[in-house]
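S.K.: Predicted model, plus sequence, below.
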Amino acid sequence: MNALWFYLTFLCLTFKKCSAEVLPTGDVANFASFKGRQYPTPNYVTSCPQKQGYENIFSMALPGLRPFEILCDYEITGTGYIVIASRSNVELNFFRNWTEYKRGFGNYSGDFFIGLDKLHAITRSQPYELYVHLEDFEGNTRFARYDEFYIESENALYKLTTLGTYTGDAGDSLSVNKGFKFSTYDRDNDALDTQNCALERLGAWWYVDCTRSNLFGMYFVETSPSSASGMAWYDWRGENYSYKKMKMLMRPKYFCY
């Protein structure tokens, strides 16, 4: 049975170019606790399941890493999206060092960042697209979608190597960062010789010259006290506006509906 399943999976990936998920091989014993509920989960998946449902946690297995949990979203923009970052209040500080961004931090029941090692492993496993969801303090929402998204390994300082074509209504505040390395306050990899953008913007990001976007900046109520130090996305509300909510999600580029 396993040999047949892997053969069919190979055909799907080769000819249909769709994502694959690993189904349980026996009784499901793993449970994830999320928002006060218990969910039975498959043993491992290689992407978010394609079925409709609520936000749910699954165990993911990819080459190079131990199995880890992912949060799958089915509400914001359709099925099959992995949530890689979520921000909705001031409680979780995103002004963190290199090691913390490498490993990830936070909790799937609240705000979090999945971690750069996991982000690299996921985007290496198959082509992915990126979706940025923003909400302002008036309840308005906008989005930016990029049809390709790939992050290098730590050896390449998690360089944002691939970022595809933009579509959406939030404006394109990320394409300028394509080709640049990730920076934290203790690892300055931006394009400026005399400035540390992570320190100046109180965050971490694929900084070029400290402008355009800063979604891992400090959480403020609407207005940042200093230029672009909040959760900035310049092309919608300008560099001094800090959003109420933000989510970064990604899904396999060749997603089977």
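M.R.: That came through fine. Numbering: from 1, shown residues only.

S.K.: Verify the assumption that Glu138 is located in a helix.
M.R.: No: if the criterion is DSSP: H, G, I helix; E, B strand; the rest coil, then Glu138 is coil and not within a helix.

S.K.: Now do stretch 50-67: distance from first to last residue.
M.R.: 20 Å (CA to CA, to the nearest Å).

S.K.: Identify each buried residue in that stretch, please.
M.R.: By neighbour count with 16 or more other CB atoms under 10 Å, stretch 50-67 contains the buried residues Gln50, Glu55, Asn56, Ile57, Phe58, Ser59, Met60, Leu62. All C-beta spots, glycine's among them, are computed from the backbone N, C-alpha and C.

S.K.: what's the distance between the closest residue to Phe113 other than its chain neighbours and Phe105?
M.R.: Distances taken as CB to CB, 6 or more residues apart in numbering place Ala85 nearest to Phe113, at 4.8 Å, with adjacent residues excluded. For Ala85, the distance to Phe105 (CB to CB, to the nearest Å) stands at 10 Å.

S.K.: can you list residues touching both of these two?
M.R.: Listed as contacting both Ala85 and Phe105 by CB atoms under 8 Å, 6 or more residues apart in numbering are Phe112, Phe113.

S.K.: okay, the two: which has more neighbours?
M.R.: Relative neighbour count places Ala85 above the other of Ala85 and Phe105, with 20 against 16, counting by other CB atoms under 10 Å.

S.K.: who touches the longest strand seen in the chain?
M.R.: With DSSP state E applied, the strand covering the greatest number of residues in the chain is identified as strand 141-151. Here strand 141-151 makes contact (CB under 8 Å, 6+ apart) with 77, 116, 119-120, 123-124, 127-135, 158-175, 182, 233, 236, 250, 253.

S.K.: Same check on stretch 95-109?
M.R.: Contacts made with stretch 95-109 from outside it, assessed by CB under 8 Å, 6+ apart, are listed as 34-35, 57, 69, 71, 83, 86, 92, 112-118, 154, 182, 184-187, 202-204, 217-218.
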